[in-house]
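**Student:** Predicted model and sequence follow; I will ask about them next.
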Amino acid sequence: MEETALDPLLTKAAAAVDAEGAPPGRPGAQAAAMRVNEKYSTLPAEDRSVHIINICAIEDIGYLPSEGTLLNSLSVDPDAECKHGLYFRDGRRKVDYILVYHPKRPSGSRTLARRVQHSDAAPAARGARRDQPLPGKGSVGAAGGPEPPMDYHEDDKRFRREEYEGNLLEAGLELERDEDTKIHGVGFVKIHAPWNVLCREAEFLKLKMPTKKLYHINEPRGLLKKISSVLQKITDPIQPKVAEHRPQTTKRLSYPFSREKQHLFDLSDKDSFFDSKTRSTIVYEILKRTTCTKAKYSMGITSLLANGVYSAAYPLHDGDYEGENVDFNDRKLLYQEWASYGVFYKYQPIDLVRKYFGEKIGLYFAWLGVYTQMLIPASVVGIIVFLYGCATVDENIPSMEMCDHRQNITMCPLCDKTCSYWKMSSACATARASHLFDNPATVFFSVFMALWAATFMEHWKRKQMRLRYHWDLTGFEEEEEAVKDHPRAEYEARVLEKSLRKESKNKEKRRHIPEEPTNKWRQRVKTAMAGVKLTDKVKLTWRDRFPAYFTNLVSIVFMIAVTFAIVLGVIIYRISTAAALAMNSSPSVRSNIRVTVTATAVIINLVVIILLDEVYGCIARWLTKIEVPKTEKSFEERLIFKAFLLKFVNSYTPIFYVAFFKGRFVGRPGDYVYIFRSFRMEECAPGGCLMELCIQLSIIMLGKQLIQNNLFEIGIPKMKKFIRYLRLRRQSPPDHDPYVKRRQRYEEDYTLEPFAGLTPEYMEMIIQFGFVTLFVASFPLAPLFALLNNIIEIRLDAKKFVTELRRPVAVRAKDIGIWYNILRGVGKLAVIINAFVISFTSDFIPRLVYLYMYSQNGTMHGFVNHTLSSFNVSDFQNGTAPNDPLDLGYEVQICRYKDYREPPWSEHKYDISKDFWAVLAARLAFVIVFQNLVMFMSDFVDWVIPDIPKDISQQVHKEKVLMVELFMREEQGKQQLLDTWMDKDRKKDEPCNNHGPKACLDSPEYPGGAL
């Protein structure tokens, strides 16, 4: 019976042995191309099948696989040798990755078990221990008492861990376990990749590594050289004191690593040839590819983490970043020269950031640095435009007319019943403030910012190409595919669920069909196919995802509707608050109604936006999860799209309302438009809605930056860290030993916050980019406030990455991905929105129309009176006239309101006048001309500035030529060596041909004589 049960397992083991020990999870073609011989395996050849049987037969046989090659410590104080967790206990092998789990075992055997050394001495010893519980894994205690019953789920997790770690050993990795930690109930598995595994995986991943060949980088000559030398001396004080940041005159030729061509690479120091970032990336790729085939499906590290088999997996930081006795490392250097607020004026050491965190994070900080640099000229021009408005405010004729008390213009009430007539001169302050932002320079600034956005995008593309060359990412497109195609844990689980449903249906069908005789060949094929990834056999179709797609559509529409409803609620608040304040007896309150209502409404909008941003971020992630995208790249792109759509609508809807809807659908006195038949629509101030738009934009932008981007980023991580510290302190028992053990590096990193991706970082900057470009016509100081925020943001993000977060796995990337397309889209949209803001929100076009069509003396005198229409107070609807018509001290017969309508004494009274259509035509014409002109200029800038700098294209071409020369020289050397050997063979054959075989055998060329 036992032999029958093990037969398919032995068949599977034999198939695995025939594959020559290929790393688990590697496709067949790759395994064939990269055969693993005996020196790449940590187990003897005769023992390898035993472990495979153990792995496959856990459920059938019921014993645990051996833990023979997991190494534990016998040392009492090993910290000095292992550098506090950065190395294995032997002090020689570097820890490249950490797996964290929660061991569940009886406390009686804990102390004894963790001190036991597991040797890999003899296969016979391993076979003798095979049927016994493993020490350190819930074995019998020192007293020999029986083991308490364990939870089935914990038992299952332990089985999976045992199998997975066994597969990692077969992949060539070396493991060491540590459960004697300062953190109670947490165990760590340290992973080290030996040299042969690093070489094998570097070749598999096509990692470009520097060769021995050095070449000189083309330097500028003549005048350009002098200019660059002067600039270098000027900027030297603001350069970080980092070796990687210094200008280089030579560069090593890089080539994808190959074990056959190891002689091309400088392997004099093998320990530093692969840096810690590259080592952790290689180990992570093995962890993703290695599977745990318990039951009928495979599970990689992502699935094991999602199912709680392991609680965390992360690479280690290089060491501590502060302290007197701390060894100097890249993390400490980053903290001193990058993550400190005291170096805010310095350039970022981008090359060191890339070396430590990888290309993807390096590109984010490089983009953020370029964006911040480009904000400097925009801020300067914005300040000039604002100062121009301040300098010309006393010369602005329309605002002077509005402030002139001699005009004696009586305006119609702003609300029904409770509001009374008011003097236009009471809005003098608003009119003067509007001129600061609504002046001819604003149009110039809008055109400038559109061209600035196009220049910024081109400058970034050139900077990106420069970084791609320096970071050896040219020709990276093919290498990306290996990372893209790895399925996510949720996708694998969903595919498993689908396959199990399909199997259950097939079983139901087979019950009603007579059973066929067993086919041994088919059974062996099925057994051999059991190790194939399930995601390669079963896929999710659009039918499987249709409920998720439908839920996404309904949820997004509902969330947008919620945003609109909140904006409508704020509008009703403004209307009702204005009516309530109008009944106040205090003249000062009534005179500041518009400012009070606007400021409080904007603060309410700000609070709602900040809260909904967090809610929408969680909803977008949930909606993306139920879609079950196959790869991490697909998941990230879908999440970005949903989060950006919801946050864009949330942040900009109140601003869009003030810019394009407020005061547009008011009606006129005697025929106003009402919401819910009770609330009269709001009107703009006599100076227009641009000032209110400026207040709305500035408060929301500054509030988001101050509260959400800075306070939240500083406060929430510190609060989480403090809570984790309290929780771990409460869980850990008090240590009464005289010697207090220092925490290891992996224990320190475990208490840090996990890295959650770059999406939140990019998102807040893209939303800010929208504030800077979309409505910049109403707020020229937006680039200045964005610049001040970003100077803090760079150091804040840097400090968070260096001190608050676990070290992320380095990810290679050649660009910033979908964010570039979003930036381009926002830049194009900004041109259209600014055209409409200048045309419809500001009074720029009505002033031009009046100046060139209606002005009698060619000046702006009379413009205010031209924009106001007259209303006979006797035409008020019943119940809408002011309760106190004599509030101004005299009886009002005619009041004025801002609109282009016929006067009450006209034949077609209160109809839209010809002036309205003339202004509307001018506005539409301006939108068309402005939009096409600025779009053309932006495309012209895009065309004029090449995407690839000329010197970089020359260097890339030079690298290709040098690489061809290097290989040609190598082939010539091989050919010469081959010719030399052939000449020697020919000389050996000549005496044999001349004197016969006996002379040949007796010659000195054949020592030993005849056989």
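**Tutor:** Cool, the structure landed. If you're wondering where the values come from, they're calculated on a predicted model, not measured in any experiment.

**Student:** For the stretch 151-300 of the chain, which segments count as strands?
**Tutor:** 174-178, 187-192, 208-216, 250-256 (DSSP state E, counting those that start in this stretch).

**Student:** what's the residue nearest in space to the middle of the chain sitting at in phi/psi?
**Tutor:** The chain has Leu758 as the residue nearest its centroid, 2.1 Å off, counting by Cα atoms, centre = their mean. Phi and psi for Leu758, reported as degrees, to the nearest 10, are phi -100, psi 0.

**Student:** again with Trp338
**Tutor:** phi -140, psi -50.

**Student:** Report pLDDT for the nearest residue to it once chain neighbours are set aside.
**Tutor:** Nearest residue to Trp338, sequence neighbours excluded (Cβ to Cβ, 6 or more residues apart in numbering): Ala798, at 5.0 Å. Quick note: C-beta positions are derived from backbone N, CA and C, even for glycine. Per-residue pLDDT puts Ala798 at 92.

**Student:** what's near enough to touch Ala798?
**Tutor:** Leu334, Trp338, Ala339, Gln348, Phe365 (Cβ atoms under 8 Å, 6 or more residues apart in numbering).

**Student:** I figured the second one hits Pro240, correct?
**Tutor:** If I follow you right, that is Trp338. Yes. Contact criterion Cβ atoms under 8 Å: Trp338 and Pro240 qualify, at 6.8 Å.

**Student:** Between those two, which contacts overlap?
**Tutor:** Jointly contacting Trp338 and Pro240 under the rule Cβ under 8 Å, 6+ apart are Gln348, Pro349, Leu352.

**Student:** Check for me that the last one belongs to a helix.
**Tutor:** Yes. When DSSP: H, G, I helix; E, B strand; the rest coil is applied, Leu352 is found to be in a helix.

**Student:** nearest spatial neighbour of Lys463, skipping sequence neighbours?
**Tutor:** Lys463 sits nearest to Val370 (Cβ to Cβ, 6+ apart), 5.4 Å away.

**Student:** Three-state assignment for that neighbour, please.
**Tutor:** Secondary structure assignment for Val370 (three-state DSSP): helix.

**Student:** what about it, how many residues close to it?
**Tutor:** 16 (other Cβ atoms under 10 Å).

**Student:** same thing with the one 3 residues further on?
**Tutor:** Other residues near Gln373 number 15, with proximity taken as other Cβ under 10 Å.

**Student:** Mind checking the pLDDT average for stretch 620-632?
**Tutor:** 87.

**Student:** just for the stretch 201-350 of the chain, where's the confidence low?
**Tutor:** For the stretch 201-350 of the chain, the stretches flagged by pLDDT under 70 are 244-245, 247, 294-299.

**Student:** That one: helices as residue ranges?
**Tutor:** Counting by DSSP state H, counting those that start in this stretch, residue ranges of the helices within the stretch 201-350 of the chain are 223-235, 270-273, 276-289, 301-306, 330-337, 350-357.

**Student:** Among those helices, which comes closest to Phe926?
**Tutor:** helix 223-235 (41.6 Å; Cβ to Cβ).

**Student:** Who are the packing partners of the strand or helix carrying Lys509?
**Tutor:** Using DSSP states H and E, Lys509 maps to helix 489-511. For helix 489-511, the packing partners by 3 or more Cβ pairs under 8 Å, 6 or more residues apart in numbering; DSSP states H and E come out as helix 301-306, helix 534-537.

**Student:** can we see that at 10 Å?
**Tutor:** Contact here means 3 or more Cβ pairs under 10 Å, 6 or more residues apart in numbering; DSSP states H and E; on that basis helix 489-511 packs against helix 301-306, helix 534-537, helix 542-582, helix 593-627, helix 632-656.

**Student:** could you dump these to CSV with distance to Lys814?
**Tutor:** Conversion of the helices and strands packed on helix 489-511 to CSV gives the following (distance: least, Cβ to Cβ, whole Å):
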stretch, distance to Lys814
helix 301-306, 24
helix 534-537, 26
helix 542-582, 29
helix 593-627, 24
helix 632-656, 13
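
**Student:** Which pLDDT value belongs to Arg543?
**Tutor:** pLDDT, Arg543: 80.

**Student:** can you check Lys958 too?
**Tutor:** 82.

**Student:** check contacts around it.
**Tutor:** Tyr215, His216, Ile217, Asn218, Lys251, Leu253 (Cβ atoms under 10 Å, 6 or more residues apart in numbering).

**Student:** Quick one, which of these are buried?
**Tutor:** Lys251, Leu253 (16 or more other Cβ atoms under 10 Å).

**Student:** Mind putting the contacts of Lys958 into JSON lines with distance to Thr290?
**Tutor:** Shown next, in JSON lines, are these (distance: Cβ to Cβ, whole Å):
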{"residue": "Tyr215", "distance to Thr290": "39"}
{"residue": "His216", "distance to Thr290": "44"}
{"residue": "Ile217", "distance to Thr290": "41"}
{"residue": "Asn218", "distance to Thr290": "45"}
{"residue": "Lys251", "distance to Thr290": "36"}
{"residue": "Leu253", "distance to Thr290": "33"}
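
**Student:** Quick check: the two most widely separated of the contacts of Lys958?
**Tutor:** Asn218 and Leu253 (14.7 Å).

**Student:** The helices and strands packed on helix 489-511: which one's closest to Pro882?
**Tutor:** Ranking these by their distance to Pro882 (criterion: Cβ to Cβ) puts helix 542-582 first, at 9.6 Å.

**Student:** same for the closest one, what does it pack against?
**Tutor:** By 3+ Cβ pairs under 10 Å, 6+ apart, helix 542-582 packs against helix 489-511, helix 587-591, helix 593-627, helix 632-656, strand 674-675, strand 679-680.

**Student:** circling back to that earlier point, neighbour-wise, which one of the shared contacts of Trp338 and Pro240 leads?
**Tutor:** Busiest of the shared contacts of Trp338 and Pro240 [other Cβ under 10 Å] is Pro349, holding 25 neighbours.
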